[in-house]
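*Asks:* Structure of the sequence below:
(chains A, B, C, D, E, F and G)
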Amino acid sequence: MRSAHVGASSSGDEASGQLLPLELVDVAIGSRVWVILKSAREFRGILRGFDEFVNLVLEDVTEYQFTESGTDTRQLPSMLLNGSNVCVLVPEGGASERTAA
Amino acid sequence: MRSAHVGASSSGDEASGQLLPLELVDVAIGSRVWVILKSAREFRGILRGFDEFVNLVLEDVTEYQFTESGTDTRQLPSMLLNGSNVCVLVPEGGASERTAA
Amino acid sequence: MRSAHVGASSSGDEASGQLLPLELVDVAIGSRVWVILKSAREFRGILRGFDEFVNLVLEDVTEYQFTESGTDTRQLPSMLLNGSNVCVLVPEGGASERTAA
Amino acid sequence: MRSAHVGASSSGDEASGQLLPLELVDVAIGSRVWVILKSAREFRGILRGFDEFVNLVLEDVTEYQFTESGTDTRQLPSMLLNGSNVCVLVPEGGASERTAA
Amino acid sequence: MRSAHVGASSSGDEASGQLLPLELVDVAIGSRVWVILKSAREFRGILRGFDEFVNLVLEDVTEYQFTESGTDTRQLPSMLLNGSNVCVLVPEGGASERTAA
Amino acid sequence: MRSAHVGASSSGDEASGQLLPLELVDVAIGSRVWVILKSAREFRGILRGFDEFVNLVLEDVTEYQFTESGTDTRQLPSMLLNGSNVCVLVPEGGASERTAA
Amino acid sequence: MRSAHVGASSSGDEASGQLLPLELVDVAIGSRVWVILKSAREFRGILRGFDEFVNLVLEDVTEYQFTESGTDTRQLPSMLLNGSNVCVLVPEGGASERTAA
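*Replies:* Purely as a prediction, here's the structure:
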């Protein structure tokens, strides 16, 4: 989604108290992150680097692939993840397990 | 969707009484928002920041995933959400529950 | 769809009698519009603002979600709609009910 | 689809006898056109305007939605159609009815 | 697919014996072409014009729509075809009928 | 996938021993290539030309369409192939037949 | 996914300890990599080159295609892989076999 700019506030300086998207990623360098893709895949690993397209370099990674028969996992020493597949990035601490309503 | 510009009115100054898309997001900083994705996912959380691609930083987040067997929920402390998946953003107050016709 | 420019006529000045796409949206500011998405969703509400990507700010909105079991509706006080999902925008007056052939 | 330019001939001047895509649309201003979308939808209406992204302003429109149970139609007074959904635009005269082989 | 440039050879001058994509289209102006879309549709008609996005103006067109129950055809006097749907363009002569292995 | 540049090495000069993507295509001009699309289609033919979007001009082409009932083939004298559909391009020699594990 | 820049740290200089995405690819030149596509395909081969769109030149390649009836493999001497299909790139060492939970 692209939108026309509106001025200072969305430039994320301290005065406005904003935390810009790439600032959240920047702060997570060196710590564990959890990346949820648009497809039924998730990755947990240590964030080593990123660029303006939110392509990510991860290390010590566990891949989770959700299939109808359950969850397959794989260990990947290091990897480059294409930012265009990323839906959500969750820094350290991660999230609680899913509860079904 | 991209369209060729038509002049002042769509630049959203007070005189035209318009509220530009990013102005609505800007005003919502620090308050609860409800984000509906293109896929069967929704997130409710506090908006901490955004950029011109409407990538969003949310905190204290509940994720809702709608499956055939019901709705799964997860708590996420903080997250970056890829703007290209966002269909609708609803500031504070949120919406009424769905009624089936 | 993008196409190479052909000169004045598609610049929409009065002389050519054209109504440019964003001019139609501009004229609809403050009145009710009906927005049909690419997916099985429609929104009716008051148009408050837009930008060159036809991202829309709507208020006093009713969301229609067409499912196999019927139509679910929701009331949304105000919202930002991602222009890339918009298929059709119909200003005031809206359209007649669908008739099946 | 984007392709690297090759020189004068694709600039569509009279000498080459070419009719550029937007020239075909330009000529159709004020007359009936038939627009076939990528999805199972078609619109017939009077073309009021367009822009370089082939977003279209149509008036006095009939919408045709092809479903498994038949064809639903709706009348729309005026509308903006997102160019990215357009597959084919057929000026005046339209086309013959479909014949099944 | 986009790729970083490598120098003269891909600029398609006679010396390299290359035939650039838009040169193939340019040469086909005024003759019959066969256009195969990404979806189950094909068009055969006379090529009148094109632009750098390979949007095409065709005349005296036959549309072929392949459905489970067979092939539907329609005659279109003239049309604009959105280049982003084009998979393959085959100049004059066309191709042999399909043979099933 | 787009990524921020890192300097000389990815500019593919001889010193780094790299073979840039378009260099591989450039070298294949005039010889047979095998193009595997994202959809269930493959083309084998002589590469005549290409551009920076890896749109390809092929001659003396065989099209392979994989369906549930088997493989349909067609002969195409010459064609333009939209680069956005290309998944893999394999120069001369091609590949071994597929073996099922 | 595209995001607005935040300054030095995401420019990946040694001081910040970051490893930029294209740096990871650059370091892998000449060694074996494992490329996982968005679709059910994977490739293992020697990385010969790449560009800023992460289009990849691979040699001595094994293609893995996962179907309902099992995994088909093919040997490809050399190939160009379209970066827009790449989901994950894993340098040397690769990953452990998948374990089903």
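
*Asks:* I'd assumed A:S31 was in contact with A:E92.
*Replies:* Yes: A contact is recorded between A:E92 and A:S31 when judged using C-beta atoms under 8 Å, the distance being 4.8 Å. C-beta coordinates here come from the backbone N, C-alpha and C atoms, glycine included.

*Asks:* List phi and psi for A:L47.
*Replies:* Geometry field for A:L47 lists phi and psi as phi -80, psi 120, criterion degrees, to the nearest 10.

*Asks:* what number of residues lie near it?
*Replies:* Each residue near A:L47 was counted by other C-beta atoms under 10 Å in any protein chain shown, and the total is 24.

*Asks:* can you check A:E68 too?
*Replies:* By the other C-beta under 10 Å criterion, the neighbourhood of A:E68 contains 5 residues.

*Asks:* Is any residue of stretch A:25-40 near chain C?
*Replies:* No: using C-beta under 8 Å from any C-beta of the partner chain, stretch A:25-40 stays clear of chain C, coming no nearer than 14.5 Å.

*Asks:* show me where chain A has helices.
*Replies:* With DSSP state H as the criterion, chain A has helices at A:21-27.

*Asks:* what's the spacing between the residue in it that chain C sits nearest to and C:P91?
*Replies:* Ranked by C-beta to the nearest C-beta, the top residue of chain A for proximity to chain C is A:A4, at 4.0 Å. Using C-beta to C-beta, to the nearest Å, we find A:A4 at a distance of 21 Å from C:P91.

*Asks:* of those two, who's got more company?
*Replies:* In this view A:A4 and C:P91 are compared by other C-beta under 10 Å, and C:P91 has more residues nearby, 20 against 17.

*Asks:* The residue of chain A closest to chain C: what's it in contact with?
*Replies:* For A:A4, the contact set (C-beta atoms under 8 Å, 6 or more residues apart in numbering or on different chains) comprises B:L20, B:P21, B:L22, B:E52, C:D51, C:E52, C:F53.

*Asks:* Distance-wise, check the fourth one relative to B:D26.
*Replies:* If I follow you right, that is B:E52. From B:E52 to B:D26 the distance is 11 Å (C-beta to C-beta).

*Asks:* Is A:L56 in contact with A:S78, as I believe?
*Replies:* No: under the criterion of C-beta under 8 Å, A:L56 is not in contact with A:S78, lying 11.0 Å apart.

*Asks:* Spell out which parts of chain A neighbour chain C.
*Replies:* Near chain C, the residues belonging to chain A are A:M1, A:R2, A:S3, A:A4 when assessed by C-beta under 8 Å from any C-beta.

*Asks:* Would you format these as TSV with pLDDT included?
*Replies:* As requested, the residues of chain A next to chain C are exported to TSV (pLDDT from 0 to 100):
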residue	pLDDT
A:M1	84
A:R2	84
A:S3	84
A:A4	75
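
*Asks:* Closest to G:T67 out of these?
*Replies:* When those are compared for distance to G:T67 (C-beta to C-beta), A:M1 wins out at 35.1 Å.

*Asks:* mind listing the strands for chain A?
*Replies:* For chain A, applying DSSP state E gives strands covering A:32-37, A:41-50, A:56-67, A:70-81, A:86-91, A:99-100.
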